[in-house]
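K.L.:
Fold the stuff below for me.
(one chain, ligands or ions: 3)
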Amino acid sequence: MSTPLEKWVQQQAKLTKPNDIYWCDGSELEAHRLIEIGMKKEKIEQHNVFHELSHKNWPNSYLHRSHPTDVARTEQLTFVCQADKETSGPNNNWMDTKQAKEKLTKLTDGCMRGRTMYVLPYMMGHPDSPYAKACVQLTDVSYVAVSMRIMTRMGKKVVEQIGARDDFVRGIHSLGDFDVNRRFIMHFPDENLVWSIGSGYGGNALLGKKCFSLRIASWLGYQEGWLAEHMVIIGIEDPQGKITYVTAALPSACGKTNLAMLQSTLPGYKVWTLGDDIAWLNIGPDGRLYAINPEVGLFGVAPGTSMKTNPNMVRTLKTAGFYPTLFTNTALDVDANEPWWEGMDGPVPKNVVDWQGKSWNSSLDTKAAHPNSRFTVSIYNSPTLSKEFDNPNGVPISAILLGGRRTQLIPLVTEAYDWQHGVFLGARTGSETTAAAAHQVGVLRREPMAMTPFCGYNMGDYFGHWLNISRKLTQPPKIFAVNWFRVDDDGRFIWPGFGENIRVLKWIIDRVNGRVGAQQTPIGLIPHIKDLELEGLNIAKGNLEKLFEIDPQAWQAELQDIETFFSQFGRHMPSEIWQQYKSLGTNLR
Ligand code: GTP
Ligand code: SPV
Ligand code: MN
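P.N.:
Numbering: from 1, shown residues only. Ligands and ions are numbered 1, 2, ... in the order given. Sure thing, here's the model as predicted:
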């Protein structure tokens, strides 16, 4: 008698028609075999799937070049197929479930011919965690198999854990033919199913990540009373040795990985890493909010990563760990056979090929590394890994930061008056778009809780769910809005950011621990300048004022944009949020 899992794999093999089926066991030996296959047998365009880099400075590292049309998430090709369009909401593309499956079945029929189907059993969350989920993804490329092994707890134990159960999360993935007209990333939340074809890139292909752990999990959370969020989890240790746990939502390529690995410039303070992208937030037995990171890897933006901006990330990448480290679409220093990207320490190497393998030099006006080029590395390599990382119950959260990338208008930090006001601060957040998705960069859009591309149901209901969560919390975390990205009249960032962000974190934990007061403004509470540790920084006085300036006139266009955004959600929009919106308008007048 075969199990539901075996039956499902057989069914999918009948449809996809691979040459052979390979069940991954998650072992070290297997990872090396898969990389060998990627280096010798599998190709994308003219490139092998993996190129071995020199292990001298970058231990166990490999370069992957994706298809040139397949370098970022494709939001326009991403669908959330809830039972009806209204449940998916205006924040998602929707297709009728039956129609979506007919379309996908056609595209999937025979798509693995001549290829291997890899079966990847994996857990999101620690296997002993009450919040963990067992999942299985199918894929036809070694890159995805090796990446999933770095990003998740993958292995044959999960098959035993699933046993005869039918409720595992299913993911079907194939590279297809890379034709964007035949590329779809589709979600079926009521069946715990993700079906993705035509892309091999990150969030489109590693189905445990955004597809399951955010889009589908957010829907599970809505029904079951928890939250799946696009958030960093960190512990901030103060000079007394007290650790305060904090989460932070920032949109894609807006500083989460940097914040998660922050190296403090203030003596006595230290940041411990628990997660850089996804947090599952549950109400614990004591009524506090607990966070776990369902992942075990970091899939971070490479350009700009250096000993100056993110030394702990550089150390993580240069640590010889148990797992391989992958570089996707970075440039290559040909002589050293090492990865290279804009913003790396040291001089530009003499002999560089760009992310597509074409000869490059700095006089060209193109980037050598793709702006969304990334590394995939085990979080266990990180020198700042929190000792609570594998705690199945997670860590209790005292503050939640909700931010965006705003070159104008939004202050460095604002504290919400209470949870309701905090949900409004999150809901009204705007951010300028980045290269993490295939769209125009630098366009302001609403990014509530950094979840615009990831909320798997109607965002109006999502705001209502956030409001409901606090009603069950004994100690709701304080909520703060942050913005590292304000620029001066010359277009330069005013706030130095990166390691210096500890100064803002210090104020936040001082507020949490009742050590300092705050000033009331029309938009929320901001620091008294005397309470901000600014020693050693060189910010012109006028610019410092700009970091906290609230210009009622300039807010008028923002109010209009927020209203237009909220209005789309019609009757799904909670009245509390509209009340908050009205008081903001009144306060600014
Ligand atoms: P995803 O992995 O896409 O979800 O994004 P992320 O939020 O983890 O992005 P990451 O930390 O990799 O941010 C990358 C971009 O943010 C780069 O352009 C960095 O230079 C920029 N960045 C990060 N932190 C700061 C900061 O404190 N100040 C400024 N000015 N830029 C920052
Ligand atoms: C993001 O775009 O927010 C990422 C990268 O973290 S991806 O996994 O491609 O979604
Ligand atoms: Mn992300």
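K.L.:
Who does the residue in the stretch 51-200 of the chain that ligand 2 sits nearest to form a beta bridge with?
P.N.:
Closest approach between the stretch 51-200 of the chain and ligand 2, counting by Cβ to the nearest ligand atom: R73, at 4.9 Å. The way it works is simple: take the backbone N, C-alpha and C, and place the C-beta from them, glycine included. According to DSSP bridges, the partner residues bridging R73 are A437.
K.L.:
What is the burial count for it?
P.N.:
23 (other Cβ atoms under 10 Å).
K.L.:
Now do the contacts for it.
P.N.:
When contacts are counted by Cβ atoms under 8 Å, 6 or more residues apart in numbering, R73 touches Y201, G202, G203, N204, K210, S252, A436, A437, A438, P453.
K.L.:
pLDDT at it, what is it?
P.N.:
For R73, the model assigns a pLDDT of 95.
K.L.:
One more: D25?
P.N.:
For D25, pLDDT reads 96.
K.L.:
so it touches K156, yeah?
P.N.:
Yes - D25 is in contact with K156 according to Cβ atoms under 8 Å; the separation is 4.4 Å.
K.L.:
Now the chain against ligand 1: closest residue?
P.N.:
G497 (2.5 Å).
K.L.:
That residue and L425: what is the separation?
P.N.:
As judged by Cβ to Cβ, to the nearest Å, G497 and L425 stand 20 Å apart.
K.L.:
What of E36?
P.N.:
Relative to L425, and taking Cβ to Cβ, E36 is found at 50 Å.
K.L.:
Between those two, point out the one with more neighbours.
P.N.:
A direct count of neighbours by other Cβ under 10 Å for E36 and L425 places L425 higher, at 26 against 13.
K.L.:
ok, which stretches of the stretch 401-550 of the chain are helices?
P.N.:
Using DSSP state H, counting those that start in this stretch, the helices found in the stretch 401-550 of the chain span residues 419-427, 459-471, 502-512, 541-547.
K.L.:
Against which helices or strands is the first one packed?
P.N.:
Helices and strands touching helix 419-427, as assessed by 3 or more Cβ pairs under 8 Å, 6 or more residues apart in numbering; DSSP states H and E, comprise strand 399-403, helix 459-471, strand 478-482, helix 575-588.
K.L.:
again with the third one
P.N.:
The contact analysis (3+ Cβ pairs under 8 Å, 6+ apart) places helix 502-512 against strand 231-237, strand 243-249, strand 399-403, strand 413-415, strand 478-482.
K.L.:
thinking again about what came up before, now mean neighbour count too, for the helices and strands packed on helix 419-427, in JSON lines please.
P.N.:
Shown next, in JSON lines, are those (neighbours: other Cβ atoms under 10 Å):
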{"stretch": "strand 399-403", "mean neighbour count": "26"}
{"stretch": "helix 459-471", "mean neighbour count": "20"}
{"stretch": "strand 478-482", "mean neighbour count": "25"}
{"stretch": "helix 575-588", "mean neighbour count": "15"}
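K.L.:
Turn those into JSON lines, including distance to ligand 2 and mean pLDDT.
P.N.:
Below are the helices and strands packed on helix 419-427 laid out as JSON lines (distance: least, Cβ to the nearest ligand atom, whole Å; pLDDT from 0 to 100):
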{"stretch": "strand 399-403", "distance to ligand 2": "14", "mean pLDDT": "98"}
{"stretch": "helix 459-471", "distance to ligand 2": "17", "mean pLDDT": "98"}
{"stretch": "strand 478-482", "distance to ligand 2": "17", "mean pLDDT": "98"}
{"stretch": "helix 575-588", "distance to ligand 2": "25", "mean pLDDT": "98"}
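K.L.:
May I see the buried residues of stretch 123-138?
P.N.:
By 16 or more other Cβ atoms under 10 Å, the buried positions in stretch 123-138 come out as 123-126, 129, 131-138.
K.L.:
Which member of the residues you listed is positioned nearest ligand 3?
P.N.:
M124 (14.9 Å; Cβ to the ion).
K.L.:
who's the closest one bridged to?
P.N.:
K133.
K.L.:
That one and M151 touch, don't they?
P.N.:
No - M124 lies out of contact with M151 (Cβ under 8 Å); the separation is 9.6 Å.
K.L.:
any residues in contact with both of these two?
P.N.:
Joint contacts of M124 and M151 (Cβ under 8 Å, 6+ apart) are G208, E295.
K.L.:
The helices and strands packed on helix 419-427 into a markdown table, with extra columns for distance to D276?
P.N.:
Below are these laid out as a markdown table (distance: least, Cβ to Cβ, whole Å):
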| stretch | distance to D276 |
| --- | --- |
| strand 399-403 | 14 |
| helix 459-471 | 22 |
| strand 478-482 | 16 |
| helix 575-588 | 29 |
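K.L.:
G89 is nearest to which of the ones you listed?
P.N.:
Taking Cβ to Cβ, helix 459-471 is the member of those nearest to G89, at 5.4 Å.
K.L.:
Can you spell out which helices and strands pack onto that closest one?
P.N.:
Against helix 459-471 (3+ Cβ pairs under 8 Å, 6+ apart) you get helix 217-224, strand 227-229, helix 419-427, helix 575-588.
K.L.:
Other residues contacting it?
P.N.:
89-91, 218, 221-222, 225-227, 281, 283, 289, 419-420, 423, 426-427, 448-449, 451-452, 455, 476, 569-574, 576-577.
K.L.:
okay, the angle between that helix and helix 419-427?
P.N.:
150 degrees (axes from the mean of the first three to the mean of the last three Cα atoms, to 10 degrees).
K.L.:
Convert the C-alpha atoms of stretch 130-139 to CSV, please.
P.N.:
C-alpha atoms of stretch 130-139 as CSV (Å, rounded to 0.1, in the frame of the first residue of the first chain):
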residue,chain,number,x,y,z
PRO,A,130,4.4,23.1,17.6
TYR,A,131,4.4,25.7,14.8
ALA,A,132,6.4,23.7,12.2
LYS,A,133,4.9,22.4,8.9
ALA,A,134,5.9,19.4,6.9
CYS,A,135,6.2,20.0,3.2
VAL,A,136,7.3,18.3,-0.1
GLN,A,137,8.4,20.1,-3.2
LEU,A,138,9.1,18.5,-6.6
THR,A,139,11.5,20.2,-8.9
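K.L.:
That one close to ligand 2?
P.N.:
No - Stretch 130-139 stays clear of ligand 2 (Cβ under 6 Å from any ligand atom), getting no nearer than 14.0 Å.
K.L.:
Figure out how far stretch 225-236 is from the centre of its chain.
P.N.:
11 Å (Cα atoms, centre = their mean, to the nearest Å).
K.L.:
in it, what's buried?
P.N.:
Those would be W226, L227, A228, E229, H230, M231, V232, I233, I234, G235, I236, for stretch 225-236 by 16+ other Cβ under 10 Å.
K.L.:
what about the closest residue to ligand 2 within the chain, which helix or strand?
P.N.:
In the chain, the residue that lies nearest ligand 2 is G203 (2.4 Å; Cβ to the nearest ligand atom). Per DSSP states H and E: G203 is located in helix 202-205.
K.L.:
Averaged pLDDT, that helix. What do you get?
P.N.:
97.
K.L.:
list the buried ones in that helix?
P.N.:
Neighbour-count burial for helix 202-205 [16+ other Cβ under 10 Å]: G202, G203, N204, A205.
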